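**Q** I'll drop the sequence and a predicted model, then ask my questions.
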Amino acid sequence: MASVADHAGGRGGDRSGNDRPDPATEAFVTHRNLLFTVAYEMLGSAADAEDVLQETWLRWADVDLGTVLDQRAYLVKIATRQALTRLRALGRRKESYVGPWLPEPLLTSPDVAEDVELAESVSMAMLLVLETLTPTERAVFVLREVFDLAYDEIAEAVDKSPAAVRQIAHRARAHVAARRPRGVVSPAETRGVLEAFQRAVETGDLQNLLDILAPDVVALSDGGGIKQALLRPIVGADRVARVFAAGLNKVGAEMSLKPVQVNGGPALLVRLNGEIDGVMAVRVEDGLVTGLYYVRNPEKLSRVEQETAMGR
C-alpha cells in the first residue's frame, strides 16, 4: 500500500509552479502526527493507525475546503470515524488471539515523555485500561481527556448528541480513574528503577529482582501464538521474580538489554544472539516496578528501532 505521504504528494504543488503543497495536503501534513496519535490511542496498533491515516487522507482529499471552518477538528472527525470502524473489527480479531494481547510498542522521542499527559495516554498501562472501554467510550475519552476537543466536536465524530457525549465522557472518566496508574514519576526516579531492574535481570540475582518489584507487580507477555509467552498475567513479586529467573535459565543464548523509551515510558529492548527478541515496557510507581509488559510477537516489533512521531 502506498504511504500517506505518497497519496498526499500525488496532489503535487500548487499550479502556479512553486513547490508549496496545495492547502489540503498542507493541512493533512500539519496534523498528521495528531491524527496518528488519535488513531493509535483508539486502536493500540500502529499498523492499523496507519491504515486509518490512509483512509482519512482519501476522504479529506475530496472535501471542499471552503466549507470547513476548523480543519483540525474536521480531520479528527474523519480519523475517529475510521478508527471506530476498525476498532470494532479488531475486537472480533482479539477474541481469537492466542494469550494476552498487548499494544504494539513504539519507540518514542524524549519530547513525548516530557509531555506528561501524552506519555501517560500512550503508555502500555493506559492503553490496556482503554481496552476495557466500549469503542464509543474510548473515542470520547481520548478526544476529550487527551486532545481536549469540545463536546459538540466529539458529538459529530461519534454521531451522538452533545448531551449524550457528556454522559459517556463522565462514565468513561470514572471507569478509567478507577483503573489508571496511581501517579506521575519523575524521569530521574524512572531511570534509577529501570537501571536497577536491568542489573537484576542481567545478573540473574533473585533477591535484587525481588527488591525492585512492587508486592502487587503484574507481568504480561504477548507472543501472538508465534513466540512462547505467558498465557495469563502473573501477579505478585515472588511469582514474577521466579518466572523471570526460570526464563533466564532457559535462554541458552547471549542476551543483551538496551534501555529505550517506548510509548513515552521506560523499557528494555531485548536481544538474543544479536537479534531482537522483544521489548519489555516497565511501569514505575513509588520507586518500584508495578507493571511489566513484554511484547515478543514479531509482527508487533517493526517500530522499536526507529522513533515514531506523536503529537497533540
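**A** Nice, I can see it.
**Q** Going by C-alpha atoms from here, please, whenever you check contacts or count neighbours.
**A** Noted.
**Q** okay, which residue is most central for this structure?
**A** Taking CA atoms, centre = their mean, the centroid of the chain lies closest to Val122, which sits 4.3 Å from it.
**Q** what's that one in contact with, if anything?
**A** Neighbour list for Val122: 41, 263-264 [criterion: CA atoms under 8 Å, 6 or more residues apart in numbering].
**Q** Go through those residues and name the one nearest Arg271.
**A** Distance to Arg271, by CA to CA, is smallest for Asn263 among the contacts of Val122, at 19.0 Å.
**Q** ok, back up a step: and the residue nearest to the centre of the chain, what pLDDT?
**A** Looking at Val122, its pLDDT reads 94.
**Q** can you check Asp115 too?
**A** Looking at Asp115, its pLDDT is 88.
**Q** Relative to Tyr293, how far out is it?
**A** Counting by CA to CA, to the nearest Å, the gap from Asp115 to Tyr293 is 22 Å.
**Q** which parts of the host helix or strand of Leu118 are buried?
**A** Take DSSP states H and E as the rule and Leu118 turns out to sit in helix 116-122. Within helix 116-122, the residues that qualify as buried are 117-122, counting by 16 or more other CA atoms under 10 Å.
**Q** Out of the residues you listed, flag the one nearest to Pro215.
**A** Closest approach to Pro215 among the buried residues of helix 116-122 (CA to CA): Glu120, at 22.3 Å.
**Q** Tell me how far the residue lying closest to that closest one once chain neighbours are set aside lies from Ala237.
**A** Nearest non-adjacent residue to Glu120, counting by CA to CA, 6 or more residues apart in numbering: Met126, 6.6 Å away. Met126 sits 21 Å away from Ala237, taking CA to CA as the criterion.
**Q** mind showing which ranges of the stretch 1-150 of the chain have poor pLDDT?
**A** Along the stretch 1-150 of the chain, segments meeting pLDDT under 70 span 1-19.
**Q** could you redo the last one with a cut-off of 50?
**A** 1-2, 5-7, 9-17 (pLDDT under 50).
**Q** Would you map the helices across it?
**A** Ranges of helices in the stretch 1-150 of the chain, per DSSP state H, counting those that start in this stretch, are 4-9, 23-30, 32-43, 46-60, 71-94, 110-114, 116-122, 124-130, 135-141.
**Q** Switch those helices over to TSV; also include distance to Gln167.
**A** As requested, the helices of the stretch 1-150 of the chain are exported to TSV (distance: least, CA to CA, whole Å):
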stretch	distance to Gln167
helix 4-9	35
helix 23-30	31
helix 32-43	19
helix 46-60	27
helix 71-94	19
helix 110-114	30
helix 116-122	21
helix 124-130	17
helix 135-141	10
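**Q** Could you point out which of the ones you listed sits nearest Leu210?
**A** Closest among the helices of the stretch 1-150 of the chain, once you apply CA to CA, is helix 124-130, at 21.0 Å.
**Q** Distance of Pro23 relative to Val29?
**A** 10 Å.
**Q** Of the two, which one has the most company?
**A** In this view Pro23 and Val29 are compared by other CA atoms under 10 Å, and Val29 has more residues nearby, 18 against 12.
**Q** Contact partners for that one?
**A** Applying CA under 8 Å, 6+ apart to Val29 gives no contacts.
**Q** Please determine how far it is located from Gly91.
**A** According to CA to CA, Val29 stands 29 Å off from Gly91.
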